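Asker: have a look at this prediction, sequence included:
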Amino acid sequence: MSCTQQFDEMVKCYGVGGQLRHVYRYGTIRDCNDRWKMFKFCIGTRLDPIDVRKKRIQQFYKDKLSKQLEGGSSEDIWSIRNERHPGLSNGTSSLADPTTKPE
């Protein structure tokens, strides 16, 4: 974990460009507390012995991943299709007629 990289990510998040991009995409101002927490954690681990630092960093990322997985995934909305789409049953699209030749 590089504190310089974490600092850069935090500044990019709080910066005008990052905020404008988030407003454009999602319509709200971005909450950068997660970036601030990561930077603060990184600074806090600098004084720890190397073995303790590695364990704390591993635990930090495990906790972060488990929080992300709790919320679900975009894949949760997909369902497996057991039958082919009617327009694709013969291997062609229903939008194009394979018997006609382009002019």
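Answerer: Here it is on my side, so go on.
Asker: name the residue closest to the centre of the chain, please.
Answerer: Residue closest to the mean C-alpha point of the chain, counted by Cα atoms, centre = their mean, is Gln68 at 9.2 Å.
Asker: assign that one to helix, strand or coil.
Answerer: Three-state call for Gln68 (DSSP: H, G, I helix; E, B strand; the rest coil): helix.
Asker: let me know the pLDDT of it.
Answerer: pLDDT, Gln68: 81.
Asker: could you do Asn33 as well?
Answerer: At Asn33, pLDDT is 90.
Asker: then Ser73?
Answerer: pLDDT, Ser73: 68.
Asker: for Gly18, what are its contacts?
Answerer: Gly18 makes contacts with 12, 30, as judged by Cβ atoms under 8 Å, 6 or more residues apart in numbering. Yep, even glycine has a C-beta here, placed from its N, CA and C like the rest.
Asker: next structured bit after the helix or strand containing it?
Answerer: Taking DSSP states H and E as the definition, one finds Gly18 inside helix 16-26. Using DSSP H and E, the helix or strand that follows helix 16-26 in sequence is helix 33-45.
Asker: low-confidence ranges in the chain?
Answerer: Low-confidence segments of the chain (pLDDT under 70): 72-74, 76-77, 87-103.
Asker: 80 instead?
Answerer: In the predicted model of the chain, residues 1, 71-103 satisfy pLDDT under 80.
Asker: what's the burial count for Ile43?
Answerer: Other residues lying near Ile43 total 12 when counted by other Cβ atoms under 10 Å.
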